[in-house]
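# Prediction below, plus the sequence it came from.
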Amino acid sequence: MAEAVGAHHQTIGYIERGQYNPSLDLALRVAKYFALPVEALFSLEPFQPLTEEVYGGKQ
């Protein structure tokens, strides 16, 4: 994916771990790569864990 969006693989790792906020340009390229709206991937508010959304907090 890093190559496809024109980013260094370490940059993608930092984004995945929440240690780096991408530029708007990179965020848009990542969203395009996944064919999703940018707000589906990035937000100013933390996302709820997927397990909570799917299982309602019950595991």
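That came in fine, so what should we check first?
# how close does the closest residue to Ala4 other than its chain neighbours sit to Glu39?
Excluding the flanking residues, the one nearest Ala4 by C-beta to C-beta, 6 or more residues apart in numbering is Tyr33, at 5.6 Å. Where C-beta positions appear, they are placed from N, C-alpha and C, glycine not excepted. Tyr33 sits 15 Å away from Glu39, going by C-beta to C-beta, to the nearest Å.
# just how off-centre is the longest helix along the chain within its chain?
Counting residues, the longest helix found in the chain (DSSP state H) is helix 24-34. Averaged C-alpha coordinates place helix 24-34 at 9 Å from its chain's average position (C-alpha atoms, centre = their mean, to the nearest Å).
# Need the contact partners of that helix.
Applying C-beta atoms under 8 Å, 6 or more residues apart in numbering, the set of residues contacting helix 24-34 from outside is 1, 4-7, 11, 15, 22, 37-38, 40-42.
# mind running it again at 7 Å?
1, 4-7, 22, 37-38, 41-42 (C-beta atoms under 7 Å, 6 or more residues apart in numbering).
# Show me which of these are buried.
Burial by neighbour count, 16 or more other C-beta atoms under 10 Å: within the contacts of helix 24-34 this picks out 5, 7, 22, 38, 41-42.
# would you list every one of the helices in the protein?
Using DSSP H, helices in the chain cover 2-5, 9-16, 24-34, 38-41, 50-55.
# Export those helices as CSV, with columns for mean pLDDT.
Listed next are these as CSV, based on pLDDT from 0 to 100:
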stretch, mean pLDDT
helix 2-5, 97
helix 9-16, 96
helix 24-34, 97
helix 38-41, 92
helix 50-55, 80
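# Go ahead and flag the most central residue of the chain.
The centre of the chain sits closest to Leu41, judged by C-alpha atoms, centre = their mean, with a distance of 4.2 Å.
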